[in-house]
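Participant: Need a 3D model of the sequence below.
(one chain, ligands or ions: 2)
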Amino acid sequence: MTIYIKEIILHRLRMTLNDPFSTSFGTMQEKDFFVIEMIDQDGHRGYGESVAFTSPWYTEETVKTVEHMMEDFLIPLLFEAPIEHPNDVTRRFSSIKRNTMAKAALEGAVWDLHAKRHNQTLAESLGGSKKEIDVGVSIGVQPTVKDLLSTIEKYATEGYKRIKMKIKPGWDIDVIKEVRRQFPDIPLMVDANSAYTLQDIERLKKLDEYNLMMIEQPLGHDDIMEHAKLQQKLQTPICLDESIYSLNDAKMAIELGSCKVINVKVGRVGGLTESKKINDYCKQHNIPVWCGGMLDAGIGRAHNIAITTLDQFVLPGDTSASDRYWKKDIIEPEVTMDNGVIKVPTKPGIGYDINWSALEEYRIEKRIFKPKR
Ligand SMILES: O=C(O)CCC(=O)c1ccccc1C(=O)O
Ligand SMILES: [Mg+2]
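Facilitator: Numbers count the residues shown, from 1 in each chain. Ligands and ions are numbered 1, 2, ... in the order given. Reported below is the predicted structural model:
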């Protein structure tokens, strides 16, 4: 069922998070991103969402680089020839180096189109079989320990299956100790977003005392080797986030022993096809994976739910309910969580409708692209 893309519409949105989100690299409250609307020869509409932030704090991509890549390189490549299968998009884009978030945003819309053309859910198209997914929540650095404890209390009571807290030098051991005092048994993990170096090894070793599920990305954002050295000295499993851009990075990290868990973010690895390959490889090598988040709005969230239905996504991820981020999301119905699970939608494609009045309220720019001739 060949796809002929007839039109691509870029909706640039600006949304405000309910609460500011702080990590070791900075604080965000505004989310500025693109919704990709892609229309095929039969009038089906596929949707994707770009995840890059306005500043290159997490990885090097930004909203502007994503726009540049899509407009000047990736959209022209998509218009060059029809698409037999979404798996081909990664190959089509392979002449363009990195820029994974720009690629993933467009590839996601192609996958949604493909699923809708086959009258399947996106999860089914990807080969996922779960009917519901287990979810956790990621909590930013808080102003005080008291704020952190009450935030954890709130999310644990709502039912989230694991709590992830951000750490950085000065907001780590003492804070974790307090959290463990109040919540001795909750499934707890920490994410450092590259805030440490191997010189901090004595400090990092102390994390072993707190029964953490894992420590996410303690060292360099682009490092694989030093994480292997650190993992040898730690009981707590290391989970890599920023360091993993591709299946090949995942292979290197597993082979070198740099991590025991992988956080798969669809945007960071260049799309759903690459995410699926990482799922399959990690399954063969017995490495659990889970789906990370980028403070996504509803369309990105729908893609995250779909990829989490694959079988190696065995740990609760960061895909929380819409209301954990937004007063009003851009999809209908919004994503809700009950008892720590999100039900996988059953309608074709991403499985949610676009809430156009919300989308238009947030929209700051709209651009239309059509194939030449
Ligand atoms: O709730 C989410 O979407 C994930 C939140 C999160 O941890 C995060 C948010 C922004 C940038 C990086 C990260 C991260 O996983 O490191
Ligand atoms: Mg992370």
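
Participant: tell me the mean pLDDT over the host helix or strand of residue 357?
Facilitator: Per DSSP states H and E, residue 357 falls inside helix 356-362. Average pLDDT, helix 356-362: 98.

Participant: Would stretch 258-273 count as contacting ligand 1?
Facilitator: No - using CB under 6 Å from any ligand atom, stretch 258-273 stays clear of ligand 1, with a minimum separation of 6.5 Å. Backbone N, C-alpha and C define where each C-beta goes, glycine included.

Participant: Let me know the secondary structure of the closest residue to ligand 1 within the stretch 251-373 of the chain.
Facilitator: Proximity of the stretch 251-373 of the chain to ligand 1 (CB to the nearest ligand atom) peaks at residue 293, 2.3 Å away. Of the three states, residue 293 takes coil according to DSSP: H, G, I helix; E, B strand; the rest coil.

Participant: Run a quick neighbour tally on residue 62.
Facilitator: 18 (other CB atoms under 10 Å).

Participant: Enumerate every residue touching it.
Facilitator: 52, 53, 54, 55, 56 (CB atoms under 8 Å, 6 or more residues apart in numbering).

Participant: Most neighbours out of those residues, which is it?
Facilitator: residue 52 (29 neighbours).

Participant: That one falls within a strand, correct?
Facilitator: No - using three-state DSSP, the assignment for residue 52 is coil, not a strand.

Participant: where's it relative to ligand 2, distance?
Facilitator: 15 Å (CB to the ion, to the nearest Å).

Participant: residues in contact with that residue?
Facilitator: 33, 59, 61, 62, 63, 65, 66, 101, 102, 267.

Participant: try residue 171
Facilitator: For residue 171, the contact set (CB under 8 Å, 6+ apart) comprises residue 141.

Participant: same deal with residue 28?
Facilitator: Contacts of residue 28 (CB under 8 Å, 6+ apart): 17, 20, 21, 22, 53, 295.

Participant: which of those residues come close to ligand 1?
Facilitator: Within the contacts of residue 28, those near ligand 1 by CB under 6 Å from any ligand atom are residue 295.

Participant: Any of the contacts of residue 28 buried? List them.
Facilitator: The neighbour-count test (16 or more other CB atoms under 10 Å) marks 17, 21, 22, 53, 295 as buried among the contacts of residue 28.

Participant: Farthest pair within these?
Facilitator: For the buried ones among the contacts of residue 28, with distances taken as CB to CB, the pair at the greatest spread is 22 and 53 (13.3 Å).

Participant: Save the contacts of residue 28 as JSON lines, and put in pLDDT too.
Facilitator: Listed next are these as JSON lines, based on pLDDT from 0 to 100:
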{"residue": "17", "pLDDT": "98"}
{"residue": "20", "pLDDT": "96"}
{"residue": "21", "pLDDT": "97"}
{"residue": "22", "pLDDT": "96"}
{"residue": "53", "pLDDT": "97"}
{"residue": "295", "pLDDT": "98"}
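
Participant: Tell me the secondary structure of residue 110, please.
Facilitator: On the basis of three-state DSSP, residue 110 is classed as helix.

Participant: Closest one of the contacts of residue 62 to ligand 1?
Facilitator: Nearest to ligand 1 among the contacts of residue 62, with distances taken as CB to the nearest ligand atom, is residue 53, at 7.3 Å.

Participant: one step back: may I see the contacts of residue 62 arranged in CSV, with distance to residue 328 as well?
Facilitator: Below are these laid out as CSV (distance: CB to CB, whole Å):
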residue, distance to residue 328
52, 23
53, 21
54, 21
55, 25
56, 28
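
Participant: can you give me the strands for the stretch 51-200 of the chain?
Facilitator: Assigned by DSSP state E, counting those that start in this stretch, the stretch 51-200 of the chain shows strands spanning 132-134, 137-139, 163-166, 188-191.

Participant: TSV for these, including mean neighbour count?
Facilitator: As requested, the strands of the stretch 51-200 of the chain are exported to TSV (neighbours: other CB atoms under 10 Å):
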stretch	mean neighbour count
strand 132-134	21
strand 137-139	25
strand 163-166	24
strand 188-191	24
